[in-house]
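In: Fold the following.
(one chain, ligands or ions: 1)
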Amino acid sequence: MIDFHAHIDLYPRPDQVAKKCIAREMDVLSVTTTPSAWKGTSELVAPGSRIHSALGLHPQIAHVRKSELELFDSFLPATIFVGEIGLDGAPEFKSHWADQLKVFRHILKSCSNVGGRIMSIHSRRAAGMVLDELSSFPLSGIPILHWFSGEKRDLDRAITQCYWFSVGPAMLTSAKSREMIINIPRERILTETDGPFAKIAGTSMMPWDVSVVVPQLAAIWKITDREVEMQLNNNLCSLLKQHRQS
Ligand code: MN
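Out: Okay, here's the model as predicted:
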C-alpha cells in the first residue's frame, strides 16, 4: 500500500499514525507544510524506514512562512523528497501570489542546485502556471502532481513532460478526475490520501484508507486488484530508480 502524499504531522497523534503505517508495511510520503515542521516529522520514524519525510513549504502559507526559505535550504541536502510545494490560484490565496511565486521559484532553484529532488506538487487552480515554472527549472527533479485538477490541455502538457501523478479516494469521487486518469500512462501513477485534509463523507482519511483506490483503478484499467498493486509497487521502484540515475 502506497500513500505518497499524507500529512502525518497534522493528525492529532502523528506518532500513532506512523506506527500503524509501519505495522501495515506501507510506503508513505509524509509531506510537510513548513520547513520548521520537517525535522520533528522526520524524527517520527527510524532512518531507512518506508515512511519518507518530505521537506515542504505549502503555497497557501507562503506569505507567512517565506522567512523559512533559509531553513529550507539548510535541510535540503538531508532528504531526496520535497513537498508540499507549488502554487494555489484560488481567490483567497491569489492575493499573496507574489510571495507564492517567490517561494516556489526559490525552492525549484534550490532543488536544481542540489541535483534534483522528488517533488510532491500542489497546483489547485494554477496548473498552467505550475507547469510554466517547472519547465523553467528542468533540473529541479521529478515532479509528482498531487490531486491534479487542471484542464485537459494542462494534463496533456504534463504527460508529454513525463511528469508523475498521485491520485486518491477524494479525487476519484469526481467523474472528470476518473476520465483524466484514463489518459495518464499507468507507469506514472502513484496513490495518495492527502489526509487529514482530504475527507470522505466528512471524515479525514487515514493513510491506509488509500486502499479503496485499488479497486477503482482496477475498474479504470480493466485489470485485477492484485495487478493494480503490482503496477503501483513497480511504479514506486521505478520512481526511486529514476531519481538515483538523474
Ligand atoms: Mn496536501
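In: where exactly do the helices run in the chain?
Out: For the chain, the helices defined by DSSP state H cover 14-23, 35-42, 62-65, 69-75, 91-94, 97-113, 127-136, 152-160, 175-183, 213-221, 225-245.
In: Ok, which of those helices comes nearest His146?
Out: helix 127-136 (10.8 Å; C-beta to C-beta). In short, each C-beta sits where N, CA and C put it, glycine included.
In: Flag every residue of this protein that's near the ion.
Out: Residues of the chain lying near the ion by C-beta under 5 Å from the ion: 84, 194.
In: Mind doing that once more with 6 Å?
Out: 5, 7, 31, 84, 194, 197 (C-beta under 6 Å from the ion).
In: filter these to the buried ones?
Out: Burial by neighbour count, judged by 16 or more other C-beta atoms under 10 Å, picks out 5, 7, 31, 84, 194, 197 from the residues of the chain next to the ion.
In: now the residues you listed in TSV, with distance to Ile159?
Out: Compiled in TSV, these are given as follows (distance: C-beta to C-beta, whole Å):
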residue	distance to Ile159
His5	19
His7	27
Val31	23
Glu84	22
Asp194	21
Phe197	26
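In: Now do the end-to-end distance for stretch 87-104.
Out: Terminal residues of stretch 87-104 are spaced 7 Å apart (C-alpha to C-alpha, to the nearest Å).
In: just stretch 159-174 next, same as before
Out: 20 Å.
In: buried set for that stretch?
Out: For stretch 159-174, by 16+ other C-beta under 10 Å, it's 163-172.
In: rewinding a little: mean pLDDT and distance to Ser53 added to the helices of the chain, as a markdown table?
Out: Shown next, in a markdown table, are the helices of the chain (pLDDT from 0 to 100; distance: least, C-beta to C-beta, whole Å):
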| stretch | mean pLDDT | distance to Ser53 |
| --- | --- | --- |
| helix 14-23 | 96 | 10 |
| helix 35-42 | 95 | 4 |
| helix 62-65 | 98 | 17 |
| helix 69-75 | 98 | 10 |
| helix 91-94 | 94 | 25 |
| helix 97-113 | 98 | 16 |
| helix 127-136 | 98 | 22 |
| helix 152-160 | 97 | 25 |
| helix 175-183 | 92 | 27 |
| helix 213-221 | 96 | 22 |
| helix 225-245 | 97 | 15 |
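In: would you list those helices in TSV and tack on distance to Thr203?
Out: Output for the helices of the chain, formatted as TSV (distance: least, C-beta to C-beta, whole Å):
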stretch	distance to Thr203
helix 14-23	15
helix 35-42	23
helix 62-65	28
helix 69-75	32
helix 91-94	24
helix 97-113	30
helix 127-136	28
helix 152-160	29
helix 175-183	20
helix 213-221	16
helix 225-245	23
